[in-house]
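**Student:** Got a sequence here, can you model it:
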Amino acid sequence: MESFNISAEPRVSTGKGGNHKLRKAGATPGVVYRAGEAGTAIAFNSASLSAIFRKTNNPNTLVNVTVGGTDHLCLVREIQRHPVSRVVEHVDFLEVKQGENVAVTVPVVSTGRAAGVRAGGQLRLLARSVDLECDALSVPSSIEVDVTNLEIGKFVKASQLPLPAGARIVYAQDFNVLTVAGKIVVVAPVAEAAAKPAAKGKK
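**Tutor:** Next up, the predicted model:
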């Protein structure tokens, strides 16, 4: 899985006042942390992170955050935005390593034209994303589901989704992800007598 680089500086002031000054100077406060360990406060340019996401269209992109000459391979765990302007105000980076599992949310994407759609039904995505546990370095950008053979009234369940090796979907109960909604039209057979013209009487 490809990673992208971001440069950051250690952040000494972690209070609201210090964060406000950082934002006025064009920097964004953030934290790099590992599960169960204290985080490292950083300051970086959030425009570089936004550019990465525009390029990959994947919120689970691996980001290599360089702080004081030390590299931290991370997933973005949380982005806090201003409620009105939507400007990025704070970012949490989760440091990851190959071979360890992480919990992520991955979008579901359908491929193909469903048989039920060809018959007049409508494809409905009941779950636009699923929660997944997988290797930190093998997080898929999406889960693609081939719906070509999906008929009206049929469903694709979470347990039927194609997953990367070693990955599993996190759920308490299996649930429907995709369906084709619509009425199944039954065409009645035409009576043989009606199909044939009446025989002419003999003279």
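**Student:** so which strand or helix has Leu163?
**Tutor:** When elements are assigned from DSSP states H and E, Leu163 belongs to no helix and no strand.
**Student:** Tell me the confidence at the nearest residue to Phe44 once chain neighbours are set aside?
**Tutor:** Leaving out its chain neighbours, the residue that sits closest to Phe44 by CB to CB, 6 or more residues apart in numbering is Ala8, at 3.9 Å. No exception for glycine: its C-beta is placed from N, CA and C like everyone else's. The predicted local confidence for Ala8 comes out at a pLDDT of 91.
**Student:** Repeat that for Asn5.
**Tutor:** Asn5 is assigned 93 on the pLDDT scale.
**Student:** measure it to Ser46 for me?
**Tutor:** Asn5 is 15 Å from Ser46, where distance means CB to CB, to the nearest Å.
**Student:** circling back: summarise which helices and strands the helix or strand where the residue nearest to Phe44 lies is packed against.
**Tutor:** Applying DSSP H and E as the criterion places Ala8 in strand 3-10. In this structure, strand 3-10 packs against strand 40-44, helix 46-56, strand 62-67, with contacts taken as 3 or more CB pairs under 8 Å, 6 or more residues apart in numbering; DSSP states H and E.
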